[in-house]
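Enquirer: I'd like to go over a predicted model; first the sequence, then the structure.
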Amino acid sequence: MDKHPRTYEGKTEIKIEHPDMIICRCEEVTLAQIIEAISEGARTVDEVKRRTRAGMGLCQGRTCSRLVRHLLAQHTGQNFHQIPPMTARVPVRPIALEVLASLEDDTNG
Amino acid sequence: MAKKHAVIIGGGIIGASCAYYLAKSGLSVTLMDKGGLCTEASKASQGHLFLWELPPVNVILARESKKLYMQLIDELDVDLEFRPTGSMSIAETPESLVSLAQTCEQLQAIGVDCEVLDRATVLRREPNLSTHITGGASFPEDAQLNPLIVTIGLVEGARKWGATIRLNTEVIGIQIDNSQTIKAVETNNGTIQTDYVVNAAGAWSGMIADMANLHLPVMPRKGILMVLDQVPQDVMNCKIIMASGYLDSLKSGNKTAVAANIQQTRGGNVLLGSSRAFAGFDKVVNPEVISEMARRCLRFFPCLKGMQVIRSWAGLRPYSPDMIPIISDTKVKGFYVASGHEGVGITMAPITGLLISQLINNQTPLLPLEPLSINRFDPEISA
């Protein structure tokens, strides 16, 4: 089975025929916006994030972080595997505010 | 004659603003950062233009800075997500309402527009607030913008005026000649000859000052923020609501202080703050602190209980011992400091950049600089 070798080799080529294609669904960031950020000097996933909001939404970059790395590799000549993924932050998965608020009670009890 | 050259150390909002105003004034400018743009305290911010942080000198700086922001909205030709939201401070006890009213009196005396509100008025304006509150105050001059967009916008603006941006460039030494004048900045990417250096390295500015044999008592002070997924816009009518204890939390000394500070951005996300702690350069998000922040914020807005926390992060803000920023020349000719803004770096970025530009260009400064001088920390000079 070698159906999706691209994912592992980091060789996905994202064609720019559809500049309106959504790369980050949560924040509705398009391919054209990502490419613009790269052309303005963004060289890491976090830099693209700060310029476009890609990866700042509900899923925190679970889907788009990888696509952004591909785009960075494609447009800057960096090796896909050497581009670090987005910085992961607490709580990693969304949790309700009231659950977080009860944290100390749990640890004390 | 060749253009004079300035190196700005620090790619946060203060460095970006200094780079912008200096490049615009005609200097040749290099902005450098050990990492990227807007990667430290500038991104750990709620984007609140805070027009009433005491002492009075801060209020005056903030007021002039807001005027400059109004100009930057046109000059930079970027949507800074500026909104004239105003803010509200909410008291939870009769005593804290009295104390808030006293603060308002003090602020009104120096021309700050604010109004003390009784409990019924607050609850009428903000029906989702918990009914245990005792009253509040409104600050209609406060506003909101997006600090990431502002920082990057200022850097792009500086670039249009010819500035060079050098990221991943860490300063390892400052060269000073025998006449105590700046000569060059040594970095991991080579040495740059320069006429001026602006130390805008935020929490790290004390280390940069050490390299120039100067004492700058700026310390890192950690602040943690959380962001909620997009929340209905009518949860809060005023988009910036904080506990009346917020100003006191800034004077908390060594213990970790938490005060509810709830803000909704134009995109609909709710940002929850805030905490202050001295923990060296540690940027760990402490679970007990965000849990306490969650409890405090829910005390004000119980309706947020089911909303999703998607991210929390910490920034190291540059703490100045007297809570006043340092915008100053120094004993080393050509070496300037723009640091110590702690929680009001976003608010004061434009005025800081303008004052630094006026200092370097020997122009009459817009505001008196004595209260902002580094000399106030020098026992030989201030005595």
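Expert: All right, it came through fine.

Enquirer: which residues does B:Ala277 contact?
Expert: B:Arg221, B:Lys222, B:Gly223, B:Lys255, B:Thr256, B:Ala257, B:Asn286, B:Val289 (CB atoms under 8 Å, 6 or more residues apart in numbering or on different chains). (Glycine included, C-beta is placed from N, CA and C.)

Enquirer: hmm, 7 Å instead?
Expert: Under the criterion of CB atoms under 7 Å, 6 or more residues apart in numbering or on different chains, the contact list for B:Ala277 reads B:Arg221, B:Lys222, B:Thr256.

Enquirer: Just the closest of these to chain A, please.
Expert: B:Thr256 (13.3 Å; CB to the nearest CB).

Enquirer: circling back: so which of the contacts of B:Ala277 sit within strands?
Expert: B:Arg221, B:Lys222 (DSSP state E).

Enquirer: List buried residues within the contacts of B:Ala277.
Expert: Buried subset of the contacts of B:Ala277 (neighbour count, 16 or more other CB atoms under 10 Å in any protein chain shown): B:Arg221, B:Lys222, B:Thr256.

Enquirer: Look up the closest residue to residue 31, ignoring the ones flanking it.
Expert: Let's take chain A. Distance criterion CB to CB, 6 or more residues apart in numbering or on different chains; nearest residue to A:Leu31, sequence neighbours excluded, is A:Met21 at 4.6 Å.

Enquirer: try chain B instead
Expert: With CB to CB, 6+ apart, the residue lying closest to B:Leu31 is B:Ala19, at 4.2 Å.

Enquirer: Likewise for B:Ile324?
Expert: Among residues not flanking B:Ile324 along the chain, B:Val57 sits closest, at 5.7 Å (CB to CB, 6+ apart).

Enquirer: would the one you found count as being in a helix?
Expert: Yes: checked against DSSP: H, G, I helix; E, B strand; the rest coil, B:Val57 lies within a helix.

Enquirer: Near chain B, which residues of chain A are found?
Expert: Counting by CB under 7 Å from any CB of the partner chain, the residues of chain A lying close to chain B are A:44, A:47, A:50-51, A:58, A:60, A:89-91, A:94-98, A:100-101, A:103-104.

Enquirer: Can I have the buried ones of these as a PyMOL selection?
Expert: Typed into PyMOL, the next command selects the buried ones out of the residues of chain A next to chain B (criterion: 16+ other CB under 10 Å):
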select buried, chain A and resi 44+47+50+51+58+60+90+91+96+97+98+100+101+103
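
Enquirer: Least confident secondary structure element in chain B?
Expert: Scoring the helices and strands of chain B by mean pLDDT, DSSP states H and E places helix B:379-382 at the bottom, with a mean of 76.

Enquirer: Look at B:Ala270 and give its secondary structure.
Expert: One correction, residue B:270 is Val, not Ala. The local conformation at B:Val270, judged by three-state DSSP, is strand.

Enquirer: any idea how far chain A is from it?
Expert: To chain A, B:Val270 is 9 Å away according to CB to the nearest CB, to the nearest Å.

Enquirer: What's the per-residue pLDDT of that residue here?
Expert: With respect to pLDDT, B:Val270 scores 96.

Enquirer: does it really touch B:Val231, like I thought?
Expert: Yes: if you go by CB atoms under 7 Å, B:Val270 and B:Val231 touch, sitting 4.9 Å apart.

Enquirer: Between those two, which is the more surrounded one?
Expert: B:Val270 (23 against 17; other CB atoms under 10 Å in any protein chain shown).

Enquirer: Tell me the spatial nearest neighbour of B:His341, not counting adjacent residues.
Expert: Nearest to B:His341 is B:Pro325, by CB to CB, 6+ apart, at 4.6 Å.

Enquirer: Share the number of residues neighbouring the one you found, please.
Expert: 27.

Enquirer: give the contact list for it.
Expert: B:Pro325 makes contacts with B:Ser339, B:Gly340, B:His341, B:Met348, B:Thr352, B:Leu372, as judged by CB under 7 Å, 6+ apart.

Enquirer: wait, what's in contact with the most centrally placed residue in chain B?
Expert: The centroid of chain B falls nearest to B:Gly345 when counting by CA atoms, centre = their mean (1.6 Å). Residues near B:Gly345 by CB under 7 Å, 6+ apart: B:Ile13, B:Ile14, B:Ala41, B:Ser42.

Enquirer: The same query, at a cut-off of 8 Å, please.
Expert: B:Gly12, B:Ile13, B:Ile14, B:Ala41, B:Ser42, B:Ser45, B:Gly202, B:Arg317, B:Pro318.

Enquirer: Count the neighbours of the fourth one for me.
Expert: What it means is B:Ala41. 28.

Enquirer: Now that we're looking at it, what pLDDT does it have?
Expert: At B:Ala41, the predicted lDDT confidence score is 96.

Enquirer: With the third one instead?
Expert: We have a pLDDT of 98 for B:Ile14.

Enquirer: Residue ranges of each domain in chain B, please.
Expert: B:5-77+B:147-218+B:322-382, B:87-140+B:219-319 (automatic domain parsing).

Enquirer: hmm, back to that, what's the closest of the contacts of B:Ala277 to B:Ala120?
Expert: Nearest to B:Ala120 among these is B:Thr256, at 34.5 Å by CB to CB.

Enquirer: circling back to that earlier point, distance between the least confident helix or strand of chain B and the chain's centre?
Expert: On the basis of CA atoms, centre = their mean, to the nearest Å, helix B:379-382 sits 27 Å off its chain's mean C-alpha point.
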